[in-house]
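Engineer: The following block contains a protein sequence and its predicted model.
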Amino acid sequence: MRSFCKQTLTIFLFAFFLHADIYAATLPKLFFFFGPEKSLELKSYQSLITRPCVSGVQVVYTWRELEPKKGIYDFSRIENDLRYLDSVHKKLFVQLQDRSFQPELFYVPDYIRKEKKYHGGVAMQYDFPGEGKPITEGWVARVWDPAVRERFQLLIKNLAKKFDGKIYGINLPETAVDFDTKKPPLNFTADRYFNAELENIAAVRNAFHHSYVVQYVNFFPGEWNDDHHYMSRLFSYASSHQIGLGGPDVVPYRKSQMKNSYPFFHRYRGKINLVGMAIQEPDYTYKKPGTSTPYQLSDFYLFTHEYLGANILFWNVQEPFLSKQLMPAIRSGQYFACE
(Lines give C-alpha, C1' and ligand atoms only; values in the text may rest on other atoms or scores of the structure.)
Protein backbone atom coordinates (compact mmCIF):
# COMPACT_ATOMS: atom_id res chain seq x y z
CA MET A 1 0.00 0.00 0.00
CA ARG A 2 2.84 2.36 0.94
CA SER A 3 4.57 1.53 -2.36
CA PHE A 4 1.38 2.26 -4.29
CA CYS A 5 0.92 5.63 -2.53
CA LYS A 6 4.54 6.54 -3.17
CA GLN A 7 4.18 5.67 -6.85
CA THR A 8 0.92 7.65 -7.09
CA LEU A 9 2.56 10.67 -5.44
CA THR A 10 5.51 10.45 -7.83
CA ILE A 11 3.18 10.39 -10.85
CA PHE A 12 1.19 13.32 -9.44
CA LEU A 13 4.30 15.41 -8.82
CA PHE A 14 5.66 14.60 -12.27
CA ALA A 15 2.36 15.64 -13.88
CA PHE A 16 2.23 18.80 -11.76
CA PHE A 17 5.70 19.98 -12.67
CA LEU A 18 5.22 18.99 -16.31
CA HIS A 19 2.04 21.10 -16.41
CA ALA A 20 3.85 23.97 -14.69
CA ASP A 21 6.65 23.83 -17.27
CA ILE A 22 4.17 23.83 -20.15
CA TYR A 23 2.28 26.76 -18.62
CA ALA A 24 5.49 28.72 -18.10
CA ALA A 25 6.51 28.03 -21.69
CA THR A 26 3.24 29.52 -22.94
CA LEU A 27 3.43 32.73 -20.91
CA PRO A 28 3.45 35.76 -23.21
CA LYS A 29 6.55 37.88 -23.65
CA LEU A 30 6.38 41.45 -22.36
CA PHE A 31 7.63 44.36 -24.45
CA PHE A 32 7.35 47.97 -23.32
CA PHE A 33 5.70 50.21 -25.91
CA PHE A 34 7.15 53.62 -26.81
CA GLY A 35 5.68 56.13 -29.26
CA PRO A 36 7.33 58.07 -32.10
CA GLU A 37 8.90 60.85 -30.00
CA LYS A 38 12.35 61.48 -31.45
CA SER A 39 13.59 62.85 -28.14
CA LEU A 40 12.88 59.54 -26.41
CA GLU A 41 15.95 57.99 -24.78
CA LEU A 42 15.52 54.31 -24.01
CA LYS A 43 18.42 54.54 -21.57
CA SER A 44 16.26 56.66 -19.28
CA TYR A 45 14.03 53.57 -18.84
CA GLN A 46 16.91 51.19 -18.21
CA SER A 47 15.73 50.15 -14.75
CA LEU A 48 12.47 48.96 -16.36
CA ILE A 49 13.83 47.55 -19.60
CA THR A 50 16.53 45.41 -17.98
CA ARG A 51 14.22 43.47 -15.68
CA PRO A 52 14.40 39.71 -16.32
CA CYS A 53 10.69 39.38 -17.22
CA VAL A 54 10.90 42.12 -19.87
CA SER A 55 11.87 40.76 -23.30
CA GLY A 56 12.40 44.10 -25.02
CA VAL A 57 10.72 47.21 -26.38
CA GLN A 58 8.47 48.16 -29.26
CA VAL A 59 9.20 51.59 -30.73
CA VAL A 60 7.17 53.53 -33.31
CA TYR A 61 9.24 54.96 -36.18
CA THR A 62 7.48 57.12 -38.77
CA TRP A 63 7.90 56.99 -42.52
CA ARG A 64 8.66 60.70 -42.42
CA GLU A 65 11.68 60.36 -40.12
CA LEU A 66 13.03 57.28 -41.90
CA GLU A 67 12.89 58.93 -45.35
CA PRO A 68 13.37 62.67 -44.70
CA LYS A 69 14.02 63.28 -48.42
CA LYS A 70 13.02 61.27 -51.45
CA GLY A 71 15.30 58.26 -51.69
CA ILE A 72 17.42 59.46 -48.75
CA TYR A 73 17.03 57.23 -45.72
CA ASP A 74 17.91 57.95 -42.12
CA PHE A 75 17.84 54.86 -39.92
CA SER A 76 20.06 56.34 -37.21
CA ARG A 77 17.43 56.22 -34.45
CA ILE A 78 16.73 52.55 -35.08
CA GLU A 79 20.48 51.88 -35.14
CA ASN A 80 21.00 53.71 -31.85
CA ASP A 81 18.08 51.98 -30.15
CA LEU A 82 19.20 48.58 -31.43
CA ARG A 83 22.79 49.18 -30.29
CA TYR A 84 21.62 50.07 -26.79
CA LEU A 85 19.19 47.15 -26.54
CA ASP A 86 21.83 44.71 -27.75
CA SER A 87 24.13 45.98 -24.99
CA VAL A 88 21.54 45.08 -22.33
CA HIS A 89 20.48 41.85 -24.10
CA LYS A 90 16.96 42.97 -24.98
CA LYS A 91 15.01 42.82 -28.24
CA LEU A 92 13.63 45.53 -30.53
CA PHE A 93 10.25 45.40 -32.26
CA VAL A 94 9.79 48.09 -34.91
CA GLN A 95 6.39 49.61 -35.65
CA LEU A 96 6.48 51.31 -39.05
CA GLN A 97 3.98 54.17 -38.90
CA ASP A 98 2.34 55.86 -41.91
CA ARG A 99 -0.64 57.43 -40.09
CA SER A 100 -1.19 59.96 -37.33
CA PHE A 101 -4.03 60.70 -34.93
CA GLN A 102 -3.49 64.43 -34.48
CA PRO A 103 -4.33 67.03 -37.14
CA GLU A 104 -0.96 68.79 -36.93
CA LEU A 105 1.10 65.63 -37.43
CA PHE A 106 2.03 64.17 -40.80
CA TYR A 107 3.93 60.89 -40.73
CA VAL A 108 4.70 60.72 -44.46
CA PRO A 109 7.65 62.53 -46.10
CA ASP A 110 7.07 66.03 -47.47
CA TYR A 111 7.61 64.92 -51.08
CA ILE A 112 4.69 62.50 -50.77
CA ARG A 113 2.39 65.41 -49.93
CA LYS A 114 3.86 67.84 -52.48
CA GLU A 115 4.47 65.91 -55.70
CA LYS A 116 1.39 65.72 -57.93
CA LYS A 117 1.77 62.04 -58.75
CA TYR A 118 0.86 61.16 -55.13
CA HIS A 119 -2.42 63.14 -55.15
CA GLY A 120 -1.73 64.85 -51.83
CA GLY A 121 -0.17 61.77 -50.28
CA VAL A 122 -2.49 61.62 -47.28
CA ALA A 123 -6.18 61.69 -46.41
CA MET A 124 -7.83 63.04 -43.28
CA GLN A 125 -9.14 60.34 -40.97
CA TYR A 126 -11.13 60.38 -37.75
CA ASP A 127 -10.19 58.59 -34.54
CA PHE A 128 -12.03 57.65 -31.36
CA PRO A 129 -9.29 58.04 -28.70
CA GLY A 130 -11.08 56.48 -25.74
CA GLU A 131 -14.29 56.32 -23.74
CA GLY A 132 -15.66 59.80 -23.03
CA LYS A 133 -13.06 61.43 -25.28
CA PRO A 134 -13.93 63.70 -28.24
CA ILE A 135 -13.31 62.42 -31.75
CA THR A 136 -9.97 63.60 -33.12
CA GLU A 137 -8.54 64.01 -36.60
CA GLY A 138 -5.34 62.74 -38.14
CA TRP A 139 -3.82 61.71 -41.45
CA VAL A 140 -3.32 58.37 -43.16
CA ALA A 141 -1.08 57.66 -46.12
CA ARG A 142 -2.97 57.02 -49.36
CA VAL A 143 -1.88 53.39 -49.45
CA TRP A 144 -4.63 52.58 -51.98
CA ASP A 145 -2.78 54.86 -54.42
CA PRO A 146 -0.24 52.70 -56.35
CA ALA A 147 2.32 55.50 -56.51
CA VAL A 148 2.25 56.03 -52.73
CA ARG A 149 2.31 52.30 -52.08
CA GLU A 150 5.35 51.86 -54.33
CA ARG A 151 7.37 54.34 -52.26
CA PHE A 152 6.23 52.77 -48.97
CA GLN A 153 7.28 49.33 -50.14
CA LEU A 154 10.66 50.69 -51.24
CA LEU A 155 11.19 51.89 -47.68
CA ILE A 156 10.32 48.39 -46.44
CA LYS A 157 12.94 46.83 -48.73
CA ASN A 158 15.62 49.20 -47.51
CA LEU A 159 14.74 48.54 -43.89
CA ALA A 160 15.02 44.80 -44.50
CA LYS A 161 18.45 45.14 -46.11
CA LYS A 162 19.68 46.88 -42.97
CA PHE A 163 17.82 45.17 -40.14
CA ASP A 164 16.45 41.75 -41.15
CA GLY A 165 17.48 39.30 -38.46
CA LYS A 166 18.82 42.08 -36.25
CA ILE A 167 15.47 43.33 -35.01
CA TYR A 168 13.14 40.86 -33.33
CA GLY A 169 10.17 41.90 -35.44
CA ILE A 170 8.42 44.58 -37.45
CA ASN A 171 4.74 45.45 -37.58
CA LEU A 172 2.51 47.64 -39.71
CA PRO A 173 -0.11 49.77 -37.92
CA GLU A 174 -3.81 49.14 -37.51
CA THR A 175 -6.12 48.55 -40.47
CA ALA A 176 -8.90 50.78 -39.12
CA VAL A 177 -9.56 54.09 -40.90
CA ASP A 178 -12.63 56.34 -40.76
CA PHE A 179 -13.34 58.95 -43.42
CA ASP A 180 -16.08 61.45 -44.09
CA THR A 181 -18.55 59.17 -45.89
CA LYS A 182 -20.02 62.15 -47.78
CA LYS A 183 -16.59 63.11 -49.13
CA PRO A 184 -14.42 59.99 -49.37
CA PRO A 185 -10.78 60.46 -50.42
CA LEU A 186 -9.89 60.53 -54.10
CA ASN A 187 -10.02 57.05 -55.69
CA PHE A 188 -10.69 55.37 -52.35
CA THR A 189 -12.80 52.24 -52.16
CA ALA A 190 -12.96 49.67 -49.39
CA ASP A 191 -11.77 46.96 -51.77
CA ARG A 192 -8.78 49.00 -52.91
CA TYR A 193 -7.85 49.74 -49.33
CA PHE A 194 -8.06 46.09 -48.28
CA ASN A 195 -6.00 44.94 -51.25
CA ALA A 196 -3.40 47.62 -50.54
CA GLU A 197 -3.09 46.56 -46.90
CA LEU A 198 -2.67 42.94 -47.97
CA GLU A 199 -0.07 43.90 -50.57
CA ASN A 200 1.91 45.94 -48.05
CA ILE A 201 2.13 43.21 -45.43
CA ALA A 202 3.07 40.74 -48.18
CA ALA A 203 5.89 43.11 -49.13
CA VAL A 204 7.12 43.09 -45.53
CA ARG A 205 6.97 39.30 -45.43
CA ASN A 206 8.88 39.01 -48.72
CA ALA A 207 11.56 41.43 -47.53
CA PHE A 208 12.08 40.16 -43.97
CA HIS A 209 13.12 36.51 -43.85
CA HIS A 210 14.48 36.25 -40.30
CA SER A 211 12.60 38.82 -38.20
CA TYR A 212 8.96 38.37 -37.19
CA VAL A 213 6.41 40.14 -39.40
CA VAL A 214 3.11 41.35 -37.90
CA GLN A 215 0.07 43.20 -39.24
CA TYR A 216 -2.09 45.04 -36.72
CA VAL A 217 -5.76 44.45 -37.51
CA ASN A 218 -8.89 45.73 -35.78
CA PHE A 219 -11.48 46.95 -38.32
CA PHE A 220 -11.71 47.40 -42.08
CA PRO A 221 -13.59 50.36 -43.56
CA GLY A 222 -16.97 49.40 -44.97
CA GLU A 223 -17.07 46.04 -43.20
CA TRP A 224 -19.11 44.71 -40.29
CA ASN A 225 -19.12 41.13 -39.05
CA ASP A 226 -16.96 40.00 -42.00
CA ASP A 227 -19.69 40.87 -44.51
CA HIS A 228 -17.03 41.61 -47.16
CA HIS A 229 -14.79 38.74 -46.02
CA TYR A 230 -11.88 41.14 -45.49
CA MET A 231 -11.21 39.85 -41.99
CA SER A 232 -11.50 36.19 -42.87
CA ARG A 233 -9.30 36.61 -45.93
CA LEU A 234 -6.59 38.41 -43.97
CA PHE A 235 -6.49 35.79 -41.22
CA SER A 236 -6.40 32.99 -43.76
CA TYR A 237 -3.60 34.69 -45.69
CA ALA A 238 -1.59 35.39 -42.55
CA SER A 239 -1.95 31.83 -41.35
CA SER A 240 -0.66 30.37 -44.61
CA HIS A 241 2.19 32.87 -45.10
CA GLN A 242 3.80 32.94 -41.64
CA ILE A 243 2.57 36.47 -40.95
CA GLY A 244 1.81 37.41 -37.38
CA LEU A 245 -1.22 39.47 -36.42
CA GLY A 246 -2.01 41.78 -33.55
CA GLY A 247 -3.71 45.01 -32.71
CA PRO A 248 -3.71 48.22 -30.73
CA ASP A 249 -6.03 49.08 -27.87
CA VAL A 250 -7.39 46.10 -25.98
CA VAL A 251 -10.91 46.43 -24.56
CA PRO A 252 -12.09 43.00 -23.36
CA TYR A 253 -15.12 41.68 -25.26
CA ARG A 254 -16.04 45.13 -26.59
CA LYS A 255 -19.15 44.68 -28.74
CA SER A 256 -17.84 46.44 -31.84
CA GLN A 257 -14.62 44.45 -31.91
CA MET A 258 -16.45 41.21 -31.20
CA LYS A 259 -18.06 41.83 -34.60
CA ASN A 260 -14.66 42.35 -36.21
CA SER A 261 -11.17 41.09 -35.33
CA TYR A 262 -11.51 39.55 -31.86
CA PRO A 263 -13.42 36.37 -32.79
CA PHE A 264 -10.92 35.65 -35.55
CA PHE A 265 -8.01 35.81 -33.13
CA HIS A 266 -9.83 33.28 -30.97
CA ARG A 267 -10.70 31.07 -33.93
CA TYR A 268 -7.11 31.09 -35.21
CA ARG A 269 -5.42 30.40 -31.87
CA GLY A 270 -2.35 28.28 -32.57
CA LYS A 271 -2.63 28.87 -36.33
CA ILE A 272 -0.94 32.30 -36.41
CA ASN A 273 2.81 32.19 -35.87
CA LEU A 274 2.80 35.28 -33.63
CA VAL A 275 0.03 37.28 -31.98
CA GLY A 276 1.06 40.61 -30.48
CA MET A 277 -1.49 42.78 -28.67
CA ALA A 278 -0.84 46.33 -27.49
CA ILE A 279 -2.33 47.73 -24.30
CA GLN A 280 -2.18 51.49 -24.82
CA GLU A 281 -3.30 54.73 -23.15
CA PRO A 282 -6.93 54.84 -24.42
CA ASP A 283 -7.61 51.39 -22.97
CA TYR A 284 -7.44 52.73 -19.43
CA THR A 285 -10.36 55.09 -20.13
CA TYR A 286 -12.87 52.26 -20.65
CA LYS A 287 -15.09 51.03 -17.83
CA LYS A 288 -16.39 47.54 -17.33
CA PRO A 289 -19.91 47.31 -18.79
CA GLY A 290 -22.57 48.53 -16.37
CA THR A 291 -20.02 49.81 -13.85
CA SER A 292 -17.81 52.80 -13.14
CA THR A 293 -14.78 50.54 -12.64
CA PRO A 294 -11.91 50.78 -15.16
CA TYR A 295 -10.46 47.59 -16.54
CA GLN A 296 -7.63 46.19 -14.43
CA LEU A 297 -4.43 44.41 -15.41
CA SER A 298 -6.05 41.02 -14.80
CA ASP A 299 -8.83 41.90 -17.26
CA PHE A 300 -6.40 42.88 -20.03
CA TYR A 301 -4.12 39.94 -19.32
CA LEU A 302 -6.73 37.19 -19.23
CA PHE A 303 -8.48 38.45 -22.35
CA THR A 304 -5.32 38.82 -24.44
CA HIS A 305 -3.65 35.65 -23.21
CA GLU A 306 -6.58 33.28 -22.79
CA TYR A 307 -9.08 34.47 -25.42
CA LEU A 308 -6.95 36.14 -28.12
CA GLY A 309 -3.97 33.82 -27.67
CA ALA A 310 -1.34 36.57 -27.51
CA ASN A 311 2.32 35.53 -27.53
CA ILE A 312 3.53 39.09 -26.95
CA LEU A 313 1.99 41.94 -24.98
CA PHE A 314 3.18 45.43 -25.96
CA TRP A 315 2.43 47.45 -22.82
CA ASN A 316 2.77 51.21 -22.49
CA VAL A 317 4.55 52.91 -19.62
CA GLN A 318 1.81 55.34 -18.61
CA GLU A 319 1.48 56.21 -14.95
CA PRO A 320 -0.08 55.46 -12.56
CA PHE A 321 -0.97 52.11 -14.18
CA LEU A 322 2.72 51.25 -14.62
CA SER A 323 3.64 51.60 -10.94
CA LYS A 324 0.38 50.43 -9.39
CA GLN A 325 -0.44 47.42 -11.56
CA LEU A 326 2.11 46.49 -14.21
CA MET A 327 5.26 46.62 -12.06
CA PRO A 328 3.84 44.36 -9.30
CA ALA A 329 2.86 41.86 -12.02
CA ILE A 330 6.38 41.97 -13.47
CA ARG A 331 8.00 41.52 -10.07
CA SER A 332 5.81 38.52 -9.29
CA GLY A 333 7.28 36.55 -12.19
CA GLN A 334 3.93 34.83 -12.75
CA TYR A 335 2.53 36.65 -15.78
CA PHE A 336 5.28 36.99 -18.36
CA ALA A 337 7.98 34.79 -19.82
CA CYS A 338 11.19 35.45 -17.87
CA GLU A 339 14.53 34.89 -19.59
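Structural biologist: Yep, it's here.
Engineer: C-alpha from now on. contacts and neighbour counts both.
Structural biologist: OK.
Engineer: show me the residues around Y61 that make contact.
Structural biologist: By C-alpha atoms under 8 Å, 6 or more residues apart in numbering, the residues touching Y61 are 35-36, 78, 94-97.
Engineer: what do you get for H305?
Structural biologist: Neighbouring residues of H305 by C-alpha under 8 Å, 6+ apart: 27-28, 311.
Engineer: one more time with 10 Å, if that's ok
Structural biologist: Contacts for H305 were tallied using C-alpha atoms under 10 Å, 6 or more residues apart in numbering; they are 26-28, 275-277, 311-313, 335.
Engineer: Just confirm it is within a helix.
Structural biologist: Yes: applying DSSP: H, G, I helix; E, B strand; the rest coil, one finds H305 inside a helix.
Engineer: check contacts around L326.
Structural biologist: Residues in contact with L326 (C-alpha under 10 Å, 6+ apart) are 296-298, 315-320, 335.
Engineer: Turn the buried ones among these into a named ChimeraX selection, would you?
Structural biologist: Filtering the contacts of L326 down to the buried ones (16 or more other C-alpha atoms under 10 Å) takes a single ChimeraX command:
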select :297,315,316,317,335
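Engineer: any chance of the contacts of L326 in TSV, plus pLDDT, secondary structure and distance to Q125?
Structural biologist: Formatted as TSV, the contacts of L326 follow (pLDDT from 0 to 100; DSSP: H, G, I helix; E, B strand; the rest coil; distance: C-alpha to C-alpha, whole Å):
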residue	pLDDT	secondary structure	distance to Q125
Q296	97	coil	30
L297	98	helix	30
S298	97	helix	33
W315	98	strand	25
N316	96	strand	24
V317	95	coil	26
Q318	94	coil	25
E319	95	coil	28
P320	96	coil	30
Y335	97	coil	36
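Engineer: N218: how many residues sit nearby?
Structural biologist: Per other C-alpha atoms under 10 Å, the neighbour tally for N218 reads 23.
Engineer: what does Y193 give?
Structural biologist: Applying other C-alpha under 10 Å, we find 20 residues neighbouring Y193.
Engineer: Now it: which helix or strand?
Structural biologist: helix 190-207 (DSSP states H and E).
Engineer: Report the mean per-residue pLDDT for that helix.
Structural biologist: What helix 190-207 shows for mean pLDDT is 98.
Engineer: and if you look at stretch 221-233?
Structural biologist: Averaging pLDDT along stretch 221-233 gives 97.
Engineer: Now tell me what touches that stretch from outside.
Structural biologist: Contacts with stretch 221-233, where a contact means C-alpha under 10 Å, 6+ apart, come from 175-179, 181, 189-191, 193-195, 198, 217-220, 236-239, 256-261, 263-264.
Engineer: and the contacts of Y61, which are buried?
Structural biologist: 78, 94-97.
Engineer: Save these as JSON lines, and put in secondary structure and distance to V54 too.
Structural biologist: Output for the buried ones among the contacts of Y61, formatted as JSON lines (DSSP: H, G, I helix; E, B strand; the rest coil; distance: C-alpha to C-alpha, whole Å):
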{"residue": "I78", "secondary structure": "helix", "distance to V54": "19"}
{"residue": "V94", "secondary structure": "strand", "distance to V54": "16"}
{"residue": "Q95", "secondary structure": "strand", "distance to V54": "18"}
{"residue": "L96", "secondary structure": "strand", "distance to V54": "22"}
{"residue": "Q97", "secondary structure": "strand", "distance to V54": "24"}
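Engineer: got the buried residues for stretch 201-209?
Structural biologist: 201-205, 207-208.
Engineer: quick one: the helices in the stretch 201-339 of the chain?
Structural biologist: Listed in chain order, the helices of the stretch 201-339 of the chain (DSSP state H, counting those that start in this stretch) span 230-240, 255-258, 262-267, 297-302, 321, 327-332.
Engineer: Please apply the same query to the stretch 1-150 of the chain.
Structural biologist: 2-25, 46-49, 63-66, 76-87, 110-114, 146-163.
Engineer: mean pLDDT for the ones you listed: which is lowest?
Structural biologist: helix 2-25 - the lowest mean pLDDT of those, at a mean of 37.
Engineer: got a list of what E281 touches?
Structural biologist: Counting by C-alpha under 10 Å, 6+ apart, E281 has contacts 129-130, 248-250, 315-319, 321.
Engineer: K157: what's it in contact with?
Structural biologist: 151, 164, 203-204, 206-208 are the contacts of K157 under C-alpha under 10 Å, 6+ apart.
Engineer: Repeat that for A160.
Structural biologist: Contacts of A160 by C-alpha under 10 Å, 6+ apart are 154, 166-167, 170, 204-211.
Engineer: Tell me the spacing between it and F128.
Structural biologist: Taking C-alpha to C-alpha, to the nearest Å as the measure, A160 falls 33 Å from F128.
Engineer: what's the answer for A278, then?
Structural biologist: Counting by C-alpha to C-alpha, the gap from A278 to F128 is 16 Å.
Engineer: Noted, bye for now.
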